[in-house]
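# Let's see this in three dimensions:
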Amino acid sequence: MPRLFTGIEIPPEISLALSAYRGGLPGARWIDPENYHITLRFIGDIDARTADDVASMLGDSRWREPIVITIEGLDTFGGSKPRAVFARTSGNGELADLQAEQERMMRQIGLPPETRKFVPHVTLARLKNVSPIDVADYMATRGHFPKLAFTANRFVLYSSKASTGGGPYVIEAAYPLS
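Below is the predicted model of the structure:
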């Protein structure tokens, strides 16, 4: 069964800039820069027939405008038990609309609804048993940086192998936003 999700690719120059924030946090598992992306809709482990339905339905997407995405700083998920360091995005009404359209499409296919709130971001590191004090120190020294912006001209359907996260991801199909 393929494990699928949709997302926005991060251009190489933005990935390079974000990769400068790797390191300096004991116990963090850093994502390889070539696997940076913004997840739109996690689809999960599905059979080949459903995967074909997903790919076909995404091809019918009505969204056809490029989206300007701004990355404005670092943040964490998990509160007092941090589980990820990520690059925060801003001004993403269009990104949220695209994600909502994909959510409707996946429900039409019969997939269960996504239960997590959509928070567009680029995961940089996964954290397990990492000291909250170490995370706070990391964020205090690296949490602010100049804004990075790019225009997304397509979204993609990714596949991945079941793993502890972080890739490698394979682009199965691409859908233009132009």
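
# Please write out the alpha-carbon positions of stretch 47-56 in PDB.
The C-alpha trace of stretch 47-56 is given here as PDB (Å, rounded to 0.1, in the frame of the first residue of the first chain):
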ATOM      1  CA  ASP A  47      -4.700   0.700  -1.700                       C
ATOM      2  CA  ALA A  48      -3.600   1.100  -5.300                       C
ATOM      3  CA  ARG A  49      -7.200   1.700  -6.500                       C
ATOM      4  CA  THR A  50      -7.800   4.500  -4.000                       C
ATOM      5  CA  ALA A  51      -4.400   6.000  -4.900                       C
ATOM      6  CA  ASP A  52      -5.500   6.100  -8.500                       C
ATOM      7  CA  ASP A  53      -8.700   7.900  -7.400                       C
ATOM      8  CA  VAL A  54      -6.700  10.400  -5.400                       C
ATOM      9  CA  ALA A  55      -4.400  11.200  -8.300                       C
ATOM     10  CA  SER A  56      -7.300  11.600 -10.700                       C
END
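
# Just the mean pLDDT for stretch 148-167, thanks.
The pLDDT scores in stretch 148-167 average 83.

# scratch that, stretch 64-73
Stretch 64-73 comes out at a mean pLDDT of 91.

# Dump that stretch to CSV, restricted to CA.
What follows is stretch 64-73 as a C-alpha-only set of coordinates in CSV (Å, rounded to 0.1, in the frame of the first residue of the first chain):
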residue,chain,number,x,y,z
ARG,A,64,-5.0,27.4,-10.6
GLU,A,65,-3.2,30.4,-9.1
PRO,A,66,0.4,30.5,-7.9
ILE,A,67,0.7,31.1,-4.2
VAL,A,68,3.2,33.4,-2.6
ILE,A,69,4.5,31.7,0.6
THR,A,70,6.5,33.6,3.3
ILE,A,71,8.6,31.8,5.9
GLU,A,72,9.1,34.1,8.9
GLY,A,73,10.7,32.3,11.8
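
# Residues contacting it, please?
Contact with stretch 64-73 is made by 8, 14, 18, 38, 87-92, 94-95, 98, 120, 122, 143-145, 147-153, 176-178, as judged by C-beta atoms under 8 Å, 6 or more residues apart in numbering. To be clear about C-beta, it is placed using only N, CA and C from the backbone, and glycine gets the same treatment.

# likewise stretch 107-125?
In this structure, residues lying in contact with stretch 107-125 by C-beta under 8 Å, 6+ apart are 10, 18, 21-22, 25, 28-31, 36-38, 40-44, 46, 50, 53-54, 57, 69, 71, 74-75, 84-89, 92, 95-96, 99-100, 103, 106, 166.
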